[in-house]
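Chemist: with the sequence up front, the predicted model follows.
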Amino acid sequence: MDKIFIEILEELTKLNASGKYTTFFDFEGHINAVDIRIFNGKWSVCKTPFFDMAVIRLDAPNYHSCATGEHFDPQTFLKYLADLWKFRPTKKHPFLKYSEYDK
């Protein structure tokens, strides 16, 4: 696993500990991939994550979701996580969207 993904795991853990978000980071060693999900506040059974990127192949030349084909840039994602710390949700913008952030 690249060091950048270890940094991402550390940041997701810190974000989770803040109490503002609940984060999930699943590593699938048999296919060398990760799944990342972030929920606003505390997780509950029927809650939908505002960030959900499944099966990011760590051995692919360009990181992307094998499930959706969506691009994933680890450096941009680290910046996105840092901005989540500072983000203040409003009714108009209840969460910071990675898809808009990554443009």
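Modeler: It's in. Just so it is clear, the structure is predicted and the values come from calculations on it, not from any experiment. Numbering: from 1, shown residues only.

Chemist: any stretches of this protein with poor pLDDT?
Modeler: 1, 55, 57-62, 64, 66-67, 94, 100-103 (pLDDT under 70).

Chemist: next one: the residue nearest the centre of it from Leu96, what distance?
Modeler: The structure's the chain has its C-alpha centroid closest to Ile36; by CA atoms, centre = their mean the separation is 4.6 Å. Distance from Ile36 to Leu96, counting by CB to CB, to the nearest Å: 15 Å. All C-beta spots, glycine's among them, are computed from the backbone N, C-alpha and C.

Chemist: what's the burial count for Lys92?
Modeler: 5 (other CB atoms under 10 Å).

Chemist: and if you look at Asp52?
Modeler: Neighbours around Asp52, by other CB under 10 Å: 17.

Chemist: before we move on, what about Phe25?
Modeler: A count of neighbours around Phe25, defined by other CB under 10 Å, yields 16.

Chemist: report the beta-bridge partners for it.
Modeler: Note on Phe25: beta-bridge partners Ile36, judged by DSSP bridges.

Chemist: which ones are touching it?
Modeler: Residues counted as contacts of Phe25 (CB atoms under 8 Å, 6 or more residues apart in numbering) are Ile8, Leu9, Leu12, Val34, Asp35, Ile36.

Chemist: picking that back up, any figure for the gap between the residue nearest to the centre of the chain and Lys91?
Modeler: 26 Å.

Chemist: nearest residue to Phe39 in space, please, no chain neighbours.
Modeler: Using CB to CB, 6 or more residues apart in numbering and skipping the chain neighbours, the partner closest in space to Phe39 is Thr22 (4.4 Å).

Chemist: isn't there a strand covering that neighbour?
Modeler: Yes. Counting by DSSP: H, G, I helix; E, B strand; the rest coil, Thr22 is part of a strand.

Chemist: state the distance from it to Asp2.
Modeler: Thr22 is 25 Å from Asp2, by CB to CB.

Chemist: please apply the same query to Trp85.
Modeler: On the measure of CB to CB, Trp85 and Asp2 end up 23 Å apart.
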